[in-house]
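Return a 3D structure for these sequence lines:
(one chain, ligands or ions: 1)
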Amino acid sequence: MNKGRPPSSEVFFPKKSLGQNFLINPRIRQRIIEACELQPDDVVLEIGPGMGVLTRPLSAAVKHVLAIEKDNFLAPQLEKEFAGTNVTVEHADVLKYPFEQLSAPMKVVGNLPYNIATPIIEKVLAFRRKFPVFYLTVQLEYGNRIVAKPGSKDYGSLSCFVQYYAQTEKLFKIPPSAFSPAPKVNSCFLSLRMRLEPAAKARDEEFLFKLIRTCFSQRRKTLKNSLAVIYGKGETEELLRKFDIDPMLRAEDLSLEDYVRLANQDVSIKPEA
Ligand code: SAM
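Numbers count the residues shown, from 1 in each chain. Take a look at the predicted model:
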């Protein structure tokens, strides 16, 4: 394979449908590898290895790499290149891949196809007991939403969902020129360190995220009004008083812990979810 560069355009055109923006900047590649704090006995799951730009340095740094690539042209190329090495290439769709069969622990690394970043993150978080840490490249604006704290414009249900399960950190920004083809937007490199237990634990996680989504779906409304959709007017006032929360605050003013406290309220005033 044409290492580090797209193969000849006669045989390969990057596919938008697979979110193919290949990393071509060796300095950024180096920063990504350094940021992953790899150890010789690590086992790494790489999502979307593409042309192997990250796979090669990963392979040199760790014990084993499992690289899952969906592209019908790139996967067989990778299989050929890495045959007999410490890299196992799986020609598969990561969203359908049976993570339950993977042995733990594995670090997860991926320059993600941006169009399916959310389902990939949801899947990795669902299997968080196997994956102590997930290093990923996403669009900058999306990454900002993942790491956002209360009170900021980027803070929303995505921030709460990911931060419930993981400690998030934006490690650095990546310009469009680092990729080929260059995307229209900036990207960033993040780490998600899985929490063994959430900082504040919800009794019913499904209800917690429903509550959060409801509040943020009307983020300009006061909590008094947005929570009334779930609890009704009277119960909402009682609830906010009980937790000493100003009814004039808005969704972005509450921390994840506040939402957990609300969701864990006394079942006697909890409505049907
Ligand atoms: N890691 C390479 C790099 O940094 O240059 C490629 C990154 S590119 C943004 C995303 C990669 O994910 C592509 O190789 C694409 O074919 C692959 N991909 C897209 N959807 C996938 C899926 N559902 N399962 C596995 N790989 C997928």
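
Contacts for the longest helix seen in the chain, please.
In the chain, assigned by DSSP state H, the helix with the most residues is helix 205-216. Residues outside helix 205-216 that contact it (Cβ atoms under 8 Å, 6 or more residues apart in numbering) are 156-157, 160-161, 164, 202, 223, 226-227, 229-230, 251-252, 254, 259-260, 262-263, 270, 273. C-betas here are computed from N, CA, C, even on glycine.

right, and the helix or strand after it?
Beyond helix 205-216 in the direction of the C-terminus, DSSP states H and E gives the next helix or strand as helix 223-231.

what's the offset of that next one from the middle of its chain?
29 Å (Cα atoms, centre = their mean, to the nearest Å).

Tell me which other helices or strands it touches.
Counting contacts by 3 or more Cβ pairs under 8 Å, 6 or more residues apart in numbering; DSSP states H and E, helix 223-231 packs against helix 205-216, helix 233-242.

Name the residues of it that are buried.
For helix 223-231, burial by neighbour count (16 or more other Cβ atoms under 10 Å) applies to 223, 224, 225, 226, 227, 228, 230, 231.

Stretch 167-180 now?
Quick answer for stretch 167-180 (16+ other Cβ under 10 Å): 168, 170, 171, 174, 178, 179, 180.

Next, the distance between the ends of that stretch.
Stretch 167-180 has an end-to-end distance of 30 Å (criterion: Cα to Cα, to the nearest Å).

Now do the SS call for the residue nearest to the spatial centre of the chain.
Nearest to the mean C-alpha position of the chain, counting by Cα atoms, centre = their mean, stands residue 121 at 3.7 Å. Here residue 121 is helix, with the state taken from DSSP: H, G, I helix; E, B strand; the rest coil.

How about the contacts made by it?
Contacts for residue 121 (Cβ under 8 Å, 6+ apart) come out as 134, 136, 146, 162, 192.

If anything else comes up later, I'll come back, but that's it for now.
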